[in-house]
Structures are given as structure tokens and as C-alpha cells.
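K.L.:
got a sequence here, can you build the structure:
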Amino acid sequence: MASKRSTTMIALACVALGALSLLWPGDAPWIFDEPRFFHKALQGIGAAFGLPGTRGFDMGPFAVWFYGVLLGLTRDLPLIVTIRAALFAAAAIVSLLWLARSCEDLRPAFAPLALCSFYLFFYSRILWDTFYFPLSALCIASYVSFCVKREGWKLWITTLAGVCLVLTHLMGLVVTLPIAAHFLWLHWRWLVERPKLLCALAAAKLALIAPYAFHLITTPRYSIDMPSYSAWKGFLFPLFGCRLFSAQGLDYFLGDQWKSGAAAAVTVVAYPLAWAGMALCVRTLIEGIGDSKKCDGDFHMAGLALASLATQCVVFGIMRAYEHPHYLGPGWLFSFYFIWTALSEASRRWGAWADTLAGVYGVSLTAVLVGTIVTLHHDGGNRSMHYGETLGNQIEVARALQAYTPGPIDIQVRHDQVVPEALTTLMEVYGLKTEAGAPSRKLAIVYDGQGGRIKLVARD
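P.N.:
Residues are numbered from 1 along each chain as shown. A predicted model of the protein is given here:
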């Protein structure tokens with residue numbers, strides 16, 4: 001068990017790393033689904049459901065609710081990015097430290113490593129439906145704590161976080177189904193003995209999820225053509241969830257701008273660590289089944305992590321889902337747990353050698369994270385289809401459009417060609433209208449330099 005002083009230092013390290021997501025909120029992306037979510041949120045939090053998903057099901061309403069509430073408070077999108085990132089970081093930090101208290105085999109000093117991830121940084125800031133990152137973490141951490149010491153308030157957090165997780169995206173089922181099965185296996189008698197709590201939890205869950213469940217049941221699934229997608233790749237994809245805690249695959253966001261160096265190469269260690277962690281979890285599970293005294297927090301977390309991994313393999317295989325890293329989002333805490341378990345075991349066995357490895361790994365991840373943040377700020381984003389020009393830059397262009405009479409615009413910017421509503425939604429959010437007496441000009445939106453920055457050009 002860590003001392004009070006070391007716990008404080010670990011918490012401060014987590015806060016410092018989490019605070020990086022608050023830097024330059026205007027540098028967040030604004031691509032594809034973000035404008036569509038905000039267009040829907042502007043209709044009010046009564047807007048029924050989220051956007052159509054890529055596998056034939058509509059997304060849940062949680063993201064629309066969240067953005068609808070914030071738009072009722074402010075129309076400053078960079079401020080909304082800040083609020084969202086702060087909540088994401090807070091949930092991640094609380095979940096990591098809570099899990100460290102519940103699982104005695106985990107070294108708390110390694111918890112901050114999770115927050116060195118560029119993937120978590122990116123998904124904490126994008127104004128999308130990636131709420132399944134913080135919600136899944138809170139659901140997992142609260143439930144493991146409940147397994148260690150059964151208290152009703154923990155079950156409330158598990159239930160509400162789990163329901164909101166599914167209301168965000170159906171991918172959340174890869175977390176909630178194993179937890180539900182585990183609960184029914186070990187704890188159902190405890191809840192039945194508390195009928196008031198049982199009725200309250202059931203009523204809350206039913207009230208929140210029934211409309212969406214009814215919508216899914218009564219709405220035919222629309223057809224998705226996936227002729228070239230491999231079921232085997234989907235089945236194996238979750239085994240590489242540790243990608244989220246490496247610098248591998250960042251060209252997905254950064255495109256040609258991404259130059260893999262020595263620091264990025266070091267982070268490949270996440271893969272063997274994660275796979276070793278999976279093996280250690282199997283050992284923990286076998287030992288716990290054979291000895292009831294070992295059915296502690298580590299036993300429960302190991303079982304849940306492996307059950308979720310198996311669920312992901314089956315679901316992703318059936319759905320042929322493997323082309324995007326955010327599919328790994330709901331299970332991110334389990335993916336990190338495998339790495340955390342392996343590092344903790346290595347530290348107990350080999351002491352300073354393992355701690356040095358963890359230190360080099362953490363410094364490398366942080367170097368990639370900070371370097372990428374600075375590069376994106378300097379270049380005004382990039383031209384990748386999964387990042388593009390920054391939110392702040394697009395707001396500038398939207399404001400510039402007020403000075404001219406509406407008319408055809410020659411769009412030479414990749415994202416605005418694909419998603420022209422990106423700028424119109426910004427004008428809608430900010431209430432931007434053409435100024436009185438505005439002249440008519442030939443307008444073009446073009447790249448400004450070699451990076452991702454764009455500008456409005458007016459010609460006579």
C-alpha cells in the first residue's frame with residue numbers, strides 16, 4: 001500500500017498529465033460527426049437519438065444530451081472542449097487511483113502512464129461521442145471497488161455509468177455485459193436482500209434506457225455493405241488494445257506529418273507488456289478459483305478484463321470491426337490494466353530494472369504526446385482525414401464569411417469538400433449572419449501554407 005505522501009505525488013502527476021488536454025482547446029479537430037452532433041444538439045436535449053452508426057444501428061442519445069446542456073450554458077466551442085477534457089481527465093484520474101486502491105497487486109506509481117497516451121488526449125478533446133472512455137472507466141473502477149467492499153453507492157455509480165455508456169454507443173456492451181454477468185454470478189443475493197435499492201436501481205435504469213431500447217427493437221437495422229472486411233481481423237483486433245498506450249498507428253490522425261522516431265519506437269514495449277499481463281490475469285483467475293482467500297480485487301479485475309477481452313473478440317469478429325482505434329475505447333482501462341499488471345509484477349521480481357523500463361516507457365510516451373501537441377499547434381492541425389484543420393481556425397473562417405453576401409464558394413480544403421456543413425454549423429452555433437450591405441465577391445476557402453491552417457480568400 002502506497003504511503004500518503006507517495007499517493008499525493010502520484011495524484012499530482014496524474015493531474016499534471018491530465019492538464020495537458022486543456023492546452024490550446026481551439027486546436028481540437030472539427031470533422032465529420034462533430035458538426036452533425038452539434039446541429040442535432042441545437043434542436044434541444046429532447047432530440048431523440050444520436051447519429052447513425054457504421055454498423056447499421058443508431059447511436060444513443062447521451063452525446064446529444066450532453067452537448068445540448070452545454071450549448072444552453074455557452075456557445076463558446078473551445079470552452080466546451082475545455083469542459084469536456086477536464087471532465088474526461090477527472091474521470092480517468094479518479095478511476096485509475098480508485099482501481100489502484102482496490103487491486104493490491106497493482107503499483108500505484110504506474111497509474112500516470114495511462115495519461116501519457118496521445119490517443120486518450122485526442123479522444124478527450126474531440127467533440128464527438130467518445131464519452132465511453134470516462135464512463136467505462138468509472139463503471140469498471142466502481143464495480144471492482146464494490147466487489148472488494150459491497151456498498152450501495154458504488155453500485156449506483158456502476159449502474160448509472162453503465163447505462164450512460166450504452167446510451168452513448170452500443171460498443172459499451174463489451175464492458176457492461178461482463179460486469180452484469182459477474183454481478184449475477186456473485187452478488188445477486190446481496191441486492192435481493194435490499195429490495196429498496198433493487199427497486200430504485202431498476203427504476204432508474206429502466207427510465208433511462210427504455211426509450212432507446214424500444215427504438216432499437218422497433219427500428220429495422222439499415223444495411224451496411226462490408227464485403228472486404230475480415231472477420232478474423234475483427235476477432236484479433238482487441239488483442240492489440242495496447243495500441244492506445246503506444247505511439248503506433250498515429251499516422252491515422254497525423255498523416256504524412258507523423259514521423260516515427262526513437263521515442264515512438266520505445267513505446268512498442270506496450271505490446272509484450274500487455275500480452276504478458278493477459279497471461280498473468282489468467283494465472284490470477286486460476287489461483288482465485290482454487291483458493292477463496294485470493295478472491296480479492298485483483299481476482300475480480302482480472303476476470304472482468306479477460307471476460308471483456310473475449311467479448312470484444314467475439315463482437316468485433318461478428319461485426320468485422322477493426323479499422324478505427326476508437327473501437328477499442330470502451331475497454332481502454334482493461335487494456336491498460338494488462339500493461340499495469342505486467343509492470344507491477346516485473347517491479348516485484350526485478351526491482352529497479354523494471355522501474356527503469358517503466359520510466360523510459362513513460363518518458364517516451366510523454367515526449368511523443370508533448371511533441372505532437374506542439375506540432376499540431378504550430379501547423380494549425382494537418383490535412384489528415386482524421387484530424388484536419390483546427391476548430392479555432394474554422395471558427396475564424398466562419399466569422400470571416402459574415403463580411404460577404406452568401407453565394408457559391410470554391411472549396412479547396414479537403415474536409416470542407418467532404419463535410420460542407422462544418423462551417424455552416426459553426427455559423428449556426430455562433431449565430432453568425434451576413435453583415436448589412438455586405439459586398440458580393442468570388443469566395444474561396446484554401447489552405448494557408450503547408451500545414452492544416454485554412455483561410456477565406458475574396459476576389460473581385
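
K.L.:
domain-wise, how is this structure divided?
P.N.:
4-218+229-379, 391-459 (automatic domain parsing).

K.L.:
deepest of the ones you listed, which one?
P.N.:
domain 4-218+229-379 (a mean of 19; mean count of other Cβ atoms under 10 Å). (C-beta placed from N, C-alpha, C; glycine too.)

K.L.:
picking that back up, mean pLDDT lowest where, among the domains of the chain?
P.N.:
When the domains of the chain are compared by mean pLDDT, domain 391-459 comes last with a mean of 89.

K.L.:
mind listing the strands for the stretch 301-450 of the chain?
P.N.:
409-411, 442-447 (DSSP state E, counting those that start in this stretch).

K.L.:
ok so, going back, now the domains of the chain as JSON lines including distance to Met385?
P.N.:
As requested, the domains of the chain are exported to JSON lines (distance: least, Cβ to Cβ, whole Å):
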{"stretch": "domain 4-218+229-379", "distance to Met385": "8"}
{"stretch": "domain 391-459", "distance to Met385": "7"}
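
K.L.:
go through the strands of the stretch 301-450 of the chain and name the closest to Val370.
P.N.:
Closest to Val370 of these is strand 442-447 (Cβ to Cβ; 25.7 Å).

K.L.:
partner strands of that closest one and their direction?
P.N.:
The strands that strand 442-447 pairs with in its sheet are strand 409-411 (parallel), strand 454-459 (antiparallel) (by DSSP bridges).

K.L.:
who wins for proximity to Cys164 among those?
P.N.:
Using Cβ to Cβ, the strands paired with strand 442-447 put strand 454-459 closest to Cys164, at 35.5 Å.

K.L.:
now do the contacts for Leu73.
P.N.:
Listed by Cβ atoms under 8 Å, 6 or more residues apart in numbering, the contact set of Leu73 is empty.

K.L.:
just to revisit the earlier point, so which of the strands paired with strand 442-447 comes closest to Leu244?
P.N.:
With Cβ to Cβ, the closest approach to Leu244 among those belongs to strand 454-459: 29.7 Å.

K.L.:
got the contact list for Ala354?
P.N.:
Leu343, Ala346, Ser347.

K.L.:
relative to Ala302, how far out is it?
P.N.:
Counting by Cβ to Cβ, to the nearest Å, the gap from Ala354 to Ala302 is 20 Å.

K.L.:
coming back round to it: take the strands of the stretch 301-450 of the chain and lay them out in CSV including distance to Pro195.
P.N.:
CSV is the format used below for these (distance: least, Cβ to Cβ, whole Å):
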stretch, distance to Pro195
strand 409-411, 61
strand 442-447, 62
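
K.L.:
so which of those comes closest to Ala16?
P.N.:
strand 442-447 (34.9 Å).

K.L.:
for the closest one, give me every contacting residue.
P.N.:
Counting by Cβ under 8 Å, 6+ apart, 383, 397, 401, 404, 407-413, 416, 423, 453-460 sit against strand 442-447.

K.L.:
identify the residues contacting the residue nearest to His324 when sequence neighbours are not counted.
P.N.:
Excluding the flanking residues, the one nearest His324 by Cβ to Cβ, 6 or more residues apart in numbering is Tyr252, at 7.9 Å. Taking Cβ under 8 Å, 6+ apart, we find Tyr252 in contact with His324, Pro325, Ser384, His386.

K.L.:
OK, contacts around the third one?
P.N.:
What it means is Ser384. Here Ser384 is in contact with Asp251, Tyr252, Phe253, Leu254, Gly255, Asp256, Gln257 (criterion: Cβ under 8 Å, 6+ apart).

K.L.:
from the residues you listed, which land in helices?
P.N.:
Within those, residues falling in helices by DSSP state H are Asp251, Tyr252, Phe253, Leu254.

K.L.:
contact partners for the last one?
P.N.:
Looking back up the chat, that one is Leu254. Thr372, Asn382, Ser384, Tyr387.

K.L.:
between all of the residues you listed, which two are separated the most?
P.N.:
Longest span within these, Cβ to Cβ: Thr372 and Ser384, 12.1 Å.

K.L.:
returning to what we had before: TSV for the ones in helices among the contacts of Ser384, including distance to Leu365?
P.N.:
Shown next, in TSV, are the ones in helices among the contacts of Ser384 (distance: Cβ to Cβ, whole Å):
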residue	distance to Leu365
Asp251	17
Tyr252	17
Phe253	15
Leu254	15
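
K.L.:
out of these, who's nearest Trp128?
P.N.:
For the ones in helices among the contacts of Ser384, the nearest to Trp128 is Phe253 (12.9 Å; Cβ to Cβ).

K.L.:
any idea how far the most centrally placed residue in the chain is from Leu87?
P.N.:
Against the mean C-alpha coordinate of the chain, by Cα atoms, centre = their mean, the closest residue is Phe133 at 3.7 Å. Computed as Cβ to Cβ, the Phe133 to Leu87 distance reads 11 Å.

K.L.:
next one: Ser335
P.N.:
Counting by Cβ to Cβ, the gap from Ser335 to Leu87 is 21 Å.

K.L.:
and Gly53, by the same measure?
P.N.:
24 Å.

K.L.:
select the longest helix from this protein.
P.N.:
helix 352-379.

K.L.:
and the helices in the stretch 51-200 of the chain, which stretches?
P.N.:
Secondary structure of the stretch 51-200 of the chain, counting by DSSP state H, counting those that start in this stretch: helices at 62-73, 77-102, 118-125, 132-148, 152-168, 173-186, 188-192, 195-218.

K.L.:
ok, back up a step: ok, of the contacts of Leu254, which one's closest to His169?
P.N.:
For the contacts of Leu254, the nearest to His169 is Tyr387 (20.8 Å; Cβ to Cβ).

K.L.:
quick one, what contacts Ser117?
P.N.:
Here Ser117 is in contact with Leu244, Phe245, Leu365, Leu369 (Cβ under 8 Å, 6+ apart).

K.L.:
how about the closest residue to Lys205 other than its chain neighbours, what does it touch?
P.N.:
Once flanking residues are discounted, Lys205 sits nearest to Val163: 5.4 Å by Cβ to Cβ, 6+ apart. By Cβ under 8 Å, 6+ apart, the contact list for Val163 reads Ala204, Lys205, Leu208, Ile209.

K.L.:
rewinding a little: nearest to Phe32 among the contacts of Ala354?
P.N.:
Using Cβ to Cβ, the contacts of Ala354 come closest to Phe32 at Leu343, 35.9 Å.

K.L.:
lovely, talk soon.
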